[in-house]
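Chemist: coords please:
(chains A and B)
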Amino acid sequence: DAGVIQSPRHEVTEMGQEVTLRCKPISGHDYLFWYRQTMMRGLELLIYFNNNVPIDDSGMPEDRFSAKMPNASFSTLKIQPSEPRDSAVYFCASSLAPNSPLHFGNGTRLTVT
Amino acid sequence: AQSVAQPEDQVNVAEGNPLTVKCTYSVSGNPYLFWYVQYPNRGLQFLLKYITGDNLVKGSYGFEAEFNKSQTSFHLKKPSALVSDSALYFCAVRPPTDSWGKLQFGAGTQVVVTP
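Modeler: Numbering: from 1, shown residues only, chains lettered A, B, ... in the order given. Here you go, the predicted model:
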């Protein structure tokens, strides 16, 4: 199994631009999570899905952030417009069941200038 | 509300010595507890979990953790540390009432193992 695949690995963009991060979870995993990691705030859960349905988006910082999961094998996290404070590493993770381990992708390092 | 604390930002240990990374939690009911490790420029990797049963849990790469309900702790241990164990370690907790699997991660502890 290839694991959770995220793209791109690095993204550098200017303030005000739209950014789209992509994730392919492990096949058969019913849960998908988006996390953000920064030095200041550590790991933050942004949103998670169960069977493609968003369950909890209370961690999404603002309306500028949106996430979709159109099917079981693909999810996107979009930031529009982006701001310098959005600079972070964004991780996607998937799991088989509530008590199963999370499998993380290698993340997307976003830099907004 | 649930919370998890890792009181040490960094742990330094010489190779071959025992390694302990501390974690305490606050959650209603019996928690589900996890340890993850993160190497540079990589995502987190699962090490071990406690759901129920034996308080001593064995995991990957020779790590183990002991669930202590009275002290609300779940410390990670390894009898003999390797230089390759140098990484960032995260404790995570999920209350049993959350059926959707939402984890709360600690701030992380950087482990540095010197040759």
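Chemist: residues in chain A within reach of chain B, list them.
Modeler: For chain A, the residues in contact with chain B (C-beta under 8 Å from any C-beta of the partner chain) are A:4, A:31, A:42-43, A:45, A:48, A:50, A:55-56, A:91, A:93, A:95, A:97-107. C-beta coordinates here come from the backbone N, C-alpha and C atoms, glycine included.
Chemist: check those for burial and list the buried ones.
Modeler: A:4, A:31, A:43, A:45, A:48, A:50, A:55-56, A:91, A:93, A:95, A:98, A:101-107 (16 or more other C-beta atoms under 10 Å in any protein chain shown).
Chemist: tell me the SS of B:Val93?
Modeler: Assigned with DSSP: H, G, I helix; E, B strand; the rest coil, B:Val93 falls in the strand class.
Chemist: what pairs with it across the strands?
Modeler: For B:Val93, the beta-bridge partners are B:Leu33, B:Gln104 (DSSP bridges).
Chemist: that one: what's it in contact with?
Modeler: B:2-4, B:25, B:27, B:31-34, B:74, B:103-104 (C-beta atoms under 8 Å, 6 or more residues apart in numbering or on different chains).
Chemist: out of the buried ones among the residues of chain A next to chain B, which are inside strands?
Modeler: Within those, residues falling in strands by DSSP state E are A:31, A:43, A:45, A:48, A:50, A:55-56, A:91, A:93, A:95, A:103-104.
Chemist: bridging residues for A:Val53?
Modeler: Bridge pairing for A:Val53 - DSSP bridges - gives A:Asn50.
Chemist: what does the model give it for pLDDT?
Modeler: A:Val53 is assigned a predicted lDDT (pLDDT) of 95.
Chemist: now for residue 106: which residues touch it?
Modeler: As the question left the chain open, I've gone with chain A. A:6, A:9, B:41-43.
Chemist: I was thinking of chain B, sorry if that wasn't clear
Modeler: A:42, B:4-6, B:23, B:90-92.
Chemist: now distance to A:Met60 too, for these, in TSV please.
Modeler: Below are those laid out as TSV (distance: C-beta to C-beta, whole Å):
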residue	distance to A:Met60
A:Gly42	17
B:Val4	22
B:Ala5	25
B:Gln6	25
B:Cys23	27
B:Phe90	21
B:Cys91	24
B:Ala92	20
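Chemist: just the buried ones out of those, please.
Modeler: B:4, B:6, B:23, B:90-92.
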